[in-house]
Each structure stands twice: as structure tokens, then as C-alpha cells.
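Chemist: Next come a sequence and a model predicted from it.
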Amino acid sequence: MGFPGVWMTESESLIYRVVPKCACSTIGQIMFYSDHGRFYDGDIHDSIEGLHKWSQDHSKPVIESAVARHAAVTFTCVRNPYARILSSFFDKIAGIQRNGRRYRGNLVPQLAQRYGIDVGSPENGFEFDQIANFRRFLLFARDTILWRRPMEPDIHWSSMSGHIGTFIANGGRYDRILFTETFDDGMAQILAGAETPVPVDLAAVPRFNESEGHGPKRAHKVGDYFDDLSRHLIWEIYKDDFQLFRYDFDDPDNRMPLSEIDLDQVHARLGQ
């Protein structure tokens, strides 16, 4: 199976397991800059040179060798599951993508037909009931993740533990898992432990949010979107994410982790 979703600097200083909706654009750009002294011109997900990616055939043996030797500081990044699933909804379901079209073409029309979801349009200023339609989306996300119907789960709302666990199950080991909510502190520690060709001044790094500005803004606080049924569904889907990555299930409005992550526990649980 190898190491899907893994990016590595060409200098083999940093290895990163991508978790969608967890600062992946910013992390990829920081990695690119740490080798080349410049940011990639465009969406780092589209790059085909300057950064090793498992999706590139020429990168696979290089990544496999570096992981086996634990040659680089190896890390990933997580985010509060409540905020992450909301971000997925507003970006991938309610928003318009960079190409000017809806995500995955006919996905939104399918959701309208099967789940009664209405997410408005640019023509009406994305006017729709955000809370009601997010909760319908949550039913759809649950169906894809637990039962793989009406489609396979999408990477943007698949569990973080699922993404992170593939790297462990195939022989990798993380040195650190950082929180999106305390990104600068966590990334600074990762860079401090790595020998990068170019120093990175984190204070000068812009936030590369490729999805921003293409859809509706969230109109309510996080907790308003989650009633008792929604929280039951969230626990069904993301129980491991809450437990392993120390997020507060009881208070959706508390975005901060409750404690540090126990890396040994993560490797033991997800390496099975």
C-alpha cells in the first residue's frame, strides 16, 4: 500500500502526512519554501516538481527509503472535528471551487435529490438555511463513512485517524502531531528539529487558504450547528479523532485541545 498522502521535501528534511482541512496548503508551502527559498506559485496541491509526493511515481522510492531510515522529521496536523466537518461543508458542498464549478461535478445535485440539501448559489448570494442543510449533509457524511453509500467517503470528511493511521500501518512513525489551533508553536518546534536548507520565518508566512472567498461565510457559532442528533452522528464518525487527538466532544464551541497528544497511544491504536 505504501504511503498515500505523504509529502517530503527534496532535501529529505521533512516528511508530512497530509490531512485535508488541517492547514495542509500552508504546511506544503512552508515545506516548499524550506527547500527553495520561495513559495510555490499556485496551489501547492497542484505542484508536480519541487516537492516529493507519493502520488508522483518518481517520488515513491525516495519516500519509502526516507521513511524506512526515519531520515526526516516526520509529522502531521489535526483539527477540532466539529470545525473540520463544518469547513468541509462550507468549502466542498456550499462553495464554488477554484475552477469555477461545484466540487466533484454532480455531487451537489445528487445531495439535493437524495438528502434535500439546498446550499444556494452565487446568484442568490448563497442564501440558504445553513444549520438545517449542514445537518442534512452530516447524515450524508455518516452514510459514506460508515456504510460507503451512496459513495465512498471523501478525503475531506474522512476521519483524521483514518488518514494518519495508513502511515503507521505501513511502517511509518511520527515525531510530532501538531494542532491547527496552535499552529505556529507546533510548526516552530518541527522546524527547530529539522535541518532545512533555507530558514523559515513563520511570522512572515502567509496563510494559504485555497478555498477562502469562493462560497458562503459561516453565519453562526460552531455549537449552533450541532443539536443532540448531530452530536450523536459526530461521535459515531469521529470517536477516535476526539479520543486520540484530545478534543472536547462535550463543548463544540471549545475548539482547543484538552491536553497534549500521547504519540505512543496513537501509534498503538492506529498501527493495529
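Modeler: Nice, thanks for sending it over. Numbering: from 1, shown residues only.
Chemist: Next, count neighbours for D118.
Modeler: 16 (other C-beta atoms under 10 Å). C-beta: built from backbone N, CA, C; applies to glycine.
Chemist: do E10 as well
Modeler: Counted by other C-beta under 10 Å, the residues lying close to E10 total 16.
Chemist: same question, the one 10 residues further on
Modeler: Summarising burial for P20: neighbours were counted as other C-beta under 10 Å, giving 21.
Chemist: The one 5 residues further on too?
Modeler: When neighbours are counted by other C-beta under 10 Å, S25 registers 18.
Chemist: Just say helix, strand or coil for it.
Modeler: What DSSP: H, G, I helix; E, B strand; the rest coil gives for S25 is helix.
Chemist: Was I right to think it contacts N209?
Modeler: Yes: in this structure, S25 is within contact of N209 by C-beta atoms under 8 Å, at 6.6 Å.
Chemist: Go ahead and name everything in contact with stretch 164-173.
Modeler: Residues from elsewhere that reach stretch 164-173 (C-beta atoms under 8 Å, 6 or more residues apart in numbering): 1-6, 15, 17, 19, 67-68, 70, 74, 76, 78, 174, 177, 266-267, 270-272.
Chemist: Just the ones of the residues you listed in strands?
Modeler: If you go by DSSP state E, the contacts of stretch 164-173 have 6, 15, 17, 74, 76, 78, 177 in strands.
Chemist: Out of these, the closest to G42 would be?
Modeler: V6 (20.6 Å; C-beta to C-beta).
Chemist: what's that closest one in contact with, if anything?
Modeler: V6 neighbours (C-beta under 8 Å, 6+ apart): 15-18, 53-54, 63, 67, 167, 172.
Chemist: tell me which of these is nearest to G186?
Modeler: Of all the contacts of V6, G186 sits closest to Y16, with 12.3 Å by C-beta to C-beta.
Chemist: quick one: the closest one from K239, how far?
Modeler: Separation of Y16 from K239 (C-beta to C-beta, to the nearest Å): 25 Å.
Chemist: Are any of the contacts of stretch 164-173 buried, and if so which?
Modeler: Applying 16 or more other C-beta atoms under 10 Å to the contacts of stretch 164-173, the neighbour count classes 3, 5-6, 15, 17, 19, 67, 74, 76, 78, 174, 177, 266-267, 270 as buried.
Chemist: which pair in the residues you listed spans the largest distance?
Modeler: V67 and V78 (19.9 Å).
Chemist: Just the endpoints, please. Distance across stretch 250-262?
Modeler: One end of stretch 250-262 sits 20 Å from the other (C-alpha to C-alpha, to the nearest Å).
Chemist: Tell me the buried residues in it?
Modeler: 252, 255, 257, 261.
Chemist: What are the neighbouring residues in contact with the second one?
Modeler: When the contact criterion is C-beta under 8 Å, 6+ apart, the partners of R255 are 80, 82-83, 181, 222.
Chemist: Just these: which are in helices?
Modeler: Counting by DSSP state H, the part of the contacts of R255 found in helices is 82-83.
Chemist: Just the buried subset of the contacts of R255, written out for ChimeraX, thanks.
Modeler: Entered in ChimeraX, the line below selects the buried ones among the contacts of R255, by 16+ other C-beta under 10 Å:
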select :80,82,83,181,222
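Chemist: For the stretch 101-250 of the chain, give me the ranges with low pLDDT.
Modeler: Low-confidence segments of the stretch 101-250 of the chain, defined by pLDDT under 70: 210-214.
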